[in-house]
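Participant: Predicted coordinates and the sequence they were generated for:
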Amino acid sequence: MDYLSSLFQKAAMAMLWLCAAGVVQAQVPVLRISAENTVDHVQTKAIARFAAQLEQASNGRLKVRFYHGAQLFRDRDVIAALTTGKVDMAVPGMWQLDRYVPDAGLYMLPLFYGRPPEVHYRVRDGAIGREINRRIENNLNVVVPGRWLDLGYAHLYFTEQRISEHKQLTGLRVRVPGGAANRSRLDAFRADPVVIPWPDVPNALAQGRVQGLLSTHETVRSAALWTRGIRYGFEDHEYFAQYVPMISRDFWQSLPADLQQQVRHSWEQIVDDQRTAAASAQQQARQALLQNGIEIVTPDADTLAEWRRIARRLEPAIIKEMNIDTELVQQAQQAVTD
């Protein structure tokens, strides 16, 4: 036996001995989670609980690293990052998805404008929601581990204009987070929607590049946007915003079946409490906005129904532009009217 062969044999024997002694262990997988919102946001807090609970429940078999505040990626970029393996899990807003999965835009159609929460849950947590999750998984090569998290209703907020009726929206430049349906809905109200990433919104407001934004009470509160010029709110329930949990399928398949089940279980454990917390946070945020001088106008149900009918005149064109499955739309229409 030559010298090199002898050396390799000794190294192999040493490795076998170390493995037998438990000195060499399999590398523990690390689940990297990206989120855009800041640390005190209701979504961020829930994901942090999920991360801690999952790591503890894994008994050392999985490490979880949670990066909030767009430390890794902004939500507009995180889906591409998921599909290329640059991050393992993300929970972007639903309004980010229709670029990749057109049917995910269903929930932002004018059909749902001003509808109560129970209508949204009936559609999203039911058969239609499960089918849309399946299409998200297939189109993006991800796994959706459970129900979506709530943000709550999105409304309109303005710096200089006190809006008391929809007709006053004409010509106003309004920031939207994304989504063709968001833009089209505001187009129907004759506003001028423009997409601006959330981290850039405070400066856009302060510099007067937009006169208003589409957001939620909690998000406005968490960013203290009254310090950036927001003075008025138009509480018109534009759409019911949620966040979509997605895990890279490559990472998912690297986990044994029992850890996959634990991920689903840990996620499910946070959803109900998060939704309750989100509703409470929106109410508390509304009070905070009022206390900080933001005047809020709330259209009545009849007014919302009237403007829903107006916006729905554009719905066939929106569906065609977004390439939403018309059969899903018909099913949603039936679920809304049941």
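Facilitator: Received, thanks.
Participant: Make sure Pro110 is actually in contact with Glu315.
Facilitator: Yes - Pro110 lies in contact with Glu315 (CB atoms under 8 Å); the separation is 5.3 Å. (C-beta placed from N, C-alpha, C; glycine too.)
Participant: who has more neighbours, the two?
Facilitator: Pro110 (22 against 19; other CB atoms under 10 Å).
Participant: Skip the chain neighbours and tell me the closest residue to that one.
Facilitator: Ala311 (3.6 Å; CB to CB, 6 or more residues apart in numbering).
Participant: and what of Ile296?
Facilitator: Per CB to CB, 6+ apart, closest to Ile296 is Gly233, 4.0 Å.
Participant: residue contacts, that neighbour?
Facilitator: 155-158, 217, 220, 289, 294-297 (CB atoms under 8 Å, 6 or more residues apart in numbering).
Participant: could you flag which of those residues are buried?
Facilitator: Restricting the contacts of Gly233 to buried positions leaves 155-158, 217, 220, 289, 294, with burial counted as 16 or more other CB atoms under 10 Å.
Participant: Out of those, which is nearest to Gly146?
Facilitator: His217 (25.4 Å; CB to CB).
Participant: Ala279 is in contact with that closest one, correct?
Facilitator: No - contact status for His217 versus Ala279: not in contact, 10.8 Å apart, counting by CB under 8 Å.
Participant: which neighbours do the two share?
Facilitator: Gly152.
Participant: in the protein, which spans are strands?
Facilitator: Secondary structure of the chain, counting by DSSP state E: strands at 30-34, 63-67, 89-90, 142-143, 149-158, 173-176, 192-195, 212-215, 232-243, 246-248, 295-297.
Participant: In CSV, list these along with distance to Glu306 and mean pLDDT.
Facilitator: Shown next, in CSV, are the strands of the chain (distance: least, CB to CB, whole Å; pLDDT from 0 to 100):
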stretch, distance to Glu306, mean pLDDT
strand 30-34, 41, 93
strand 63-67, 44, 92
strand 89-90, 38, 95
strand 142-143, 39, 96
strand 149-158, 17, 95
strand 173-176, 20, 95
strand 192-195, 21, 94
strand 212-215, 20, 94
strand 232-243, 12, 95
strand 246-248, 37, 97
strand 295-297, 16, 98
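Participant: Can you add distance to Asp272 and give those back as CSV?
Facilitator: Rendered in CSV, the data for these read as follows (distance: least, CB to CB, whole Å):
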stretch, distance to Asp272
strand 30-34, 20
strand 63-67, 20
strand 89-90, 20
strand 142-143, 21
strand 149-158, 10
strand 173-176, 29
strand 192-195, 32
strand 212-215, 24
strand 232-243, 14
strand 246-248, 20
strand 295-297, 28
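Participant: Out of those, flag the one nearest Val78.
Facilitator: strand 89-90 (4.2 Å).
Participant: contacts for the closest one?
Facilitator: 31-35, 73, 75, 78-79, 81-82, 245-248, 251.
Participant: what's the answer for stretch 156-176, then?
Facilitator: 95, 182-183, 186, 189-196, 201, 204-205, 208-215, 220, 225, 229-234, 236, 238, 294-295, 297, 299, 303, 307, 310.
Participant: 7 Å instead, please
Facilitator: For stretch 156-176, contacts defined as CB atoms under 7 Å, 6 or more residues apart in numbering pick out 182-183, 186, 189-196, 201, 204-205, 210-215, 220, 229-234, 236, 238, 295, 297, 307.
Participant: what comes up buried for it?
Facilitator: Per 16+ other CB under 10 Å, stretch 156-176 contains these buried residues: 156-159, 163, 166, 168-169, 172, 174-176.
Participant: before we move on, what about stretch 270-284?
Facilitator: 270-271, 274-275, 277-279, 281-282.
Participant: same deal with stretch 116-132?
Facilitator: Those would be 119-124, 128-129, 132, for stretch 116-132 by 16+ other CB under 10 Å.
Participant: Including distance to Gln331 and pLDDT, could those go into CSV?
Facilitator: Converted to CSV, the buried residues of stretch 116-132 look like this (distance: CB to CB, whole Å; pLDDT from 0 to 100):
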residue, distance to Gln331, pLDDT
Val119, 14, 92
His120, 15, 94
Tyr121, 16, 94
Arg122, 12, 93
Val123, 9, 94
Arg124, 12, 94
Ile128, 6, 95
Gly129, 11, 96
Ile132, 11, 96
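Participant: Between all of those, which two are at the greatest distance?
Facilitator: Val119 and Ile132 (15.8 Å).
Participant: Find the least confident helix or strand in the protein, judged by mean pLDDT.
Facilitator: Lowest by mean pLDDT, DSSP states H and E among the helices and strands of the chain is helix 3-20, with a mean of 47.
Participant: center of this protein, which residue is that?
Facilitator: Centroid check for the chain by CA atoms, centre = their mean gives Gly93 as the closest residue, at 2.0 Å.
Participant: pLDDT wise, what is that residue at?
Facilitator: Reported pLDDT at Gly93 in the predicted model: 91.
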